[in-house]
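> Pasted the sequence and its predicted model underneath.
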Amino acid sequence: MMTLLPATLAKPIMQDGEVIAQIVLDLTVYLPSTSVAQLAYLVDWYKRICPPDRWVRYAIAETLGWDDVRQPNLTRQGDAAAMAGEPMPFLAPVRTRIQAGRPFDVLFWDGRETDVYTFSLRQIRNEKRELHAFLRVTVPPATDPLVLIEAARDLADRIEFLSGHGGFAFGYRPKKKFDAFSKIYPLARRYWGIDVEDLNGTLPLMKNAIKSPNWLTMIGAGLAQSEAVAKAVQLPQAHPLVKVERRANGMLLRVGDAPVVGDRHRPTPELDAMTALGTALAPLIVRDHPSFSGDGFIDHDNTNAWFHRFDDPDGWS
């Protein structure tokens, strides 16, 4: 069952004739570590989601921009990998970085401006020299939700993870971040089911905390035994829309069969269920997040209120 976007959200957000933001269907997972084996699995996992005609471009730290996956511009390591018959030789420098415990980027993009398929697997090092990694995929919002459910299940059974979330999200052009967030702000005030994403601020905080719940909420084994999760597991008794699945490496919680935009002006039972889930998980939700960009979040200084909109609605209303 797909959710049709309201007219105000169905069209991309434009400025000066270019797309600066749009609604996407997103799955973001925070990882405790990365390995070469994980890289191989995750790229193959994404290729099962991404249609062949959308498997078009890639970028890594060693490239100057986007290259064609069919005619990659190989580095010296890539040439050697190709000679040795290794799969995807253009990822050879990434494998070297992973083995050395260094930061890396692996990006795939279908080259389109709207209704995009994207893949981001990144590892960063913060000022304390700590490594933080995440996976993020986006697909067009009209994609069958079962695709994302099955993808999340497979991932939760195959690799260790800290936490994750999936559903509708605001995608935006990074070079237009301030302008995009300025336009996202009033929409986020109304549509509580759409995630606001700024991984630069969020990723370093995800070792011991989670982001606010979404349509899909993933809880890794490290947090699965917490009192907050125990409360969340009991929610289906009072809120049948909340579904709880125990997977090999953690838990997958879901609110209904498809994501919703969570319109505060036209509330639905899904919004009540997400409020209950957010209230149960509140002790785990990040509280010291730096401000999102854009004049709305900055002027009102209420980024952390957005993270706690479900367990403290008055703070974001």
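Done, it's in.

> CA atoms for contacts and neighbours, from now on please.
Fine.

> need the longest strand for the chain.
When the chain is scanned for its longest strand (criterion: DSSP state E), the result is strand 18-31.

> What residues sit buried inside the next helix-or-strand element following that one?
If you walk from strand 18-31 toward the C-terminus, the next helix or strand you reach (DSSP states H and E) is helix 36-49. By 16 or more other C-alpha atoms under 10 Å, the buried positions in helix 36-49 come out as 39, 42-43, 46, 49.

> ok, back up a step: mind listing the strands the longest strand of the chain pairs with, and their directions?
Next to strand 18-31 in the sheet, as set by DSSP bridges, lie strand 13-15 (antiparallel), strand 131-139 (antiparallel), strand 163-172 (antiparallel).

> Now do the second one against helix 36-49, angle only.
For strand 131-139 against helix 36-49, the angle by axes from the mean of the first three to the mean of the last three C-alpha atoms, to 10 degrees is 10 degrees.

> One more: the longest one?
Comparing the axes of strand 163-172 and helix 36-49 via the same axes, to 10 degrees yields an angle of 60 degrees.

> Give me the contacts around strand 163-172.
With contact meaning C-alpha atoms under 8 Å, 6 or more residues apart in numbering, strand 163-172 is reached by 20-31, 141, 148, 180, 184, 193-197, 206, 210-211, 213-220, 259-261.

> Next secondary structure after it?
helix 177-190.

> Does anything pack onto that following helix? Which helices or strands?
strand 18-31, helix 295-300 (3 or more C-alpha pairs under 8 Å, 6 or more residues apart in numbering; DSSP states H and E).

> continuing past it, what's the next helix or strand?
Scanning forward in sequence from helix 177-190, with DSSP H and E defining helices and strands, the next element found is helix 199-202.

> Identify each buried residue in that following helix, please.
Neighbour-count burial for helix 199-202, with 16+ other C-alpha under 10 Å as criterion, is recorded at Thr202.

> ok, residues contacting that helix?
Counting contacts by C-alpha under 8 Å, 6+ apart, the residues outside helix 199-202 that touch it are 289-290, 292.

> Looking at the helices and strands packed on helix 177-190, which is nearest to Ala273?
Between Ala273 and the helices and strands packed on helix 177-190, the shortest separation by C-alpha to C-alpha is 19.7 Å, and it involves strand 18-31.

> Distance of the residue lying farthest from the centre of the chain relative to Asp299?
Most distant from the centre of the chain: Met83, at 35.4 Å, with distances by C-alpha atoms, centre = their mean. Here the distance between Met83 and Asp299 works out to 56 Å (C-alpha to C-alpha, to the nearest Å).

> circling back to that earlier point, out of the helices and strands packed on helix 177-190, which is closest to Leu241?
Taking C-alpha to C-alpha as the measure, these were each checked against Leu241, and strand 18-31 came out nearest at 19.7 Å.

> Rounded mean pLDDT for that closest one, please.
The average pLDDT for strand 18-31 rounds to 98.

> Can I get that strand in CSV, CA atoms only?
The C-alpha trace of strand 18-31 is given here as CSV (Å, rounded to 0.1, in the frame of the first residue of the first chain):
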residue,chain,number,x,y,z
GLU,A,18,16.7,24.5,-10.0
VAL,A,19,15.6,21.8,-7.7
ILE,A,20,17.0,22.4,-4.2
ALA,A,21,14.9,19.9,-2.2
GLN,A,22,12.4,17.1,-2.7
ILE,A,23,10.7,14.2,-0.9
VAL,A,24,12.4,10.9,-1.1
LEU,A,25,11.9,7.5,0.4
ASP,A,26,15.0,6.9,2.6
LEU,A,27,16.7,4.2,4.6
THR,A,28,19.6,5.3,6.8
VAL,A,29,21.6,2.9,9.0
TYR,A,30,24.3,3.8,11.4
LEU,A,31,27.2,1.3,11.6
